[in-house]
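Trainee: the sequence and its predicted three-dimensional model are supplied below.
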Amino acid sequence: MSLVNIRNIYCVGRNYHLHALELGNEVPTSPMIFTKPTHALVAMNGGDIVIPKQQGEVHFELEIVLRISDHYTSGMSAEQAIDAFTLGLDLTLRDVQSKLKAKGYPWLPAKGFKQSATYGTWLPFVSLEQINRSEFTLIRNGEIAQLGHPSDMIFSIEQLIAFIDTEYGLGAGDLIYTGTPAGVAKLDEGDQLEAQYNGERIGSCIIQ
Ligand code: ZN
């Protein structure tokens with residue numbers, strides 16, 4: 001998949017109960033959507049990913065990432081609307097985000113920095129049922145850091161597609177980072193990360 005075909009990067013905040021609670025946030029009553037610039041994208045292909053220095057903690061957030069089909073039109077089923085999915089990291093400058101939240105400022109400085117949207121190998125999207133039976137895992141330096149089940153999402157994949165389409169528009173080449181389960185934590189230089197979908201590695205990187 002070529003990066004030049006990516007148009008909008010939508011991300012969902014607080015879409016798993018335990019993650020919302022671990023950051024002391026309320027569980028939202030409608031989807032909480034923010035975006036990242038396309039310049040944030042970087043492949044997790046075993047190489048280095050460079051995170052910001054001296055702006056406080058950078059946290060990992062492993063998420064299911066959906067890619068919208070070239071043939072998308074409003075009202076399609078999820079199976080028609082999504083042509084591929086992968087796992088990706090929504091990297092977050094957590095200290096910066098806390099300050100922005102306190103002031104009611106936009107999240108861009110905390111969420112939109114370069115290389116803050118990583119993605120693994122794209123897999124064909126077969127069905128919602130298959131995704132909802134899956135699990136995904138972030139392994140950090142050989143240990144499980146996050147374990148997620150897409151069936152635990154507060155707003156389902158179908159609800160997210162419908163909401164984003166209605167509120168902001170959805171089209172070919174858009175990505176949706178669907179939110180992270182509990183377990184987010186600070187990255188350190190030299191960390192080796194591996195994203196696993198049902199136990200299979202589909203992305204890895206080294207933090208620099
Ligand atoms: Zn996230």
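Mentor: Cool, got the structure.
Trainee: residues contacting Asp188?
Mentor: The contact partners of Asp188, by C-beta atoms under 8 Å, 6 or more residues apart in numbering, come to Ile207. In this view, the C-beta of every residue, glycine as well, is placed from N, C-alpha and C.
Trainee: mind checking the SS state of it?
Mentor: At Asp188 the chain is in coil, as set by DSSP: H, G, I helix; E, B strand; the rest coil.
Trainee: quick check, pLDDT for the closest residue to the ion within the chain.
Mentor: Going by C-beta to the ion, the ion is nearest to Asp90 of the chain, at 3.4 Å. Listed pLDDT for Asp90 reads 98.
Trainee: and Phe36, what is it in contact with?
Mentor: Residue 36: Lys, not Phe. 9, 11, 90, 111-112, 116-117, 177.
Trainee: with neighbour count and secondary structure added, can I get the residues you listed in CSV?
Mentor: Formatted as CSV, these follow (neighbours: other C-beta atoms under 10 Å; DSSP: H, G, I helix; E, B strand; the rest coil):
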residue, neighbour count, secondary structure
Ile9, 25, strand
Cys11, 28, strand
Asp90, 26, strand
Lys111, 26, helix
Gly112, 19, coil
Ser116, 26, coil
Ala117, 26, strand
Tyr177, 27, strand
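Trainee: which two in these are spaced the farthest apart?
Mentor: Gly112 and Tyr177 (12.3 Å; C-beta to C-beta).
Trainee: wait, the residue of the chain closest to the ion sits on Tyr119?
Mentor: No - counting by C-beta atoms under 8 Å, Asp90 sits too far from Tyr119 to count as a contact (10.5 Å).
Trainee: tell me which stretches of this structure form helices.
Mentor: In the chain, the helices defined using DSSP state H lie at 17-22, 78-81, 94-103, 108-111, 128-132, 157-167.
Trainee: which of the ones you listed has the lowest average pLDDT?
Mentor: Mean pLDDT is lowest for helix 17-22 out of the helices of the chain, coming in at a mean of 87.
Trainee: what are the buried residues along that helix?
Mentor: By neighbour count on 16 or more other C-beta atoms under 10 Å, the buried set for helix 17-22 is 19-20.
Trainee: burial check on Thr166, number of neighbours?
Mentor: Other residues within reach of Thr166, judged by other C-beta atoms under 10 Å, total 10.
Trainee: close to the ion, is the helix or strand bottoming out on mean pLDDT in the chain?
Mentor: Ranking every helix and strand in the chain by mean pLDDT, DSSP states H and E puts helix 17-22 at the bottom, with a mean of 87. No - interface with the ion: helix 17-22 contributes nothing (C-beta under 5 Å from the ion), its closest point being 8.2 Å away.
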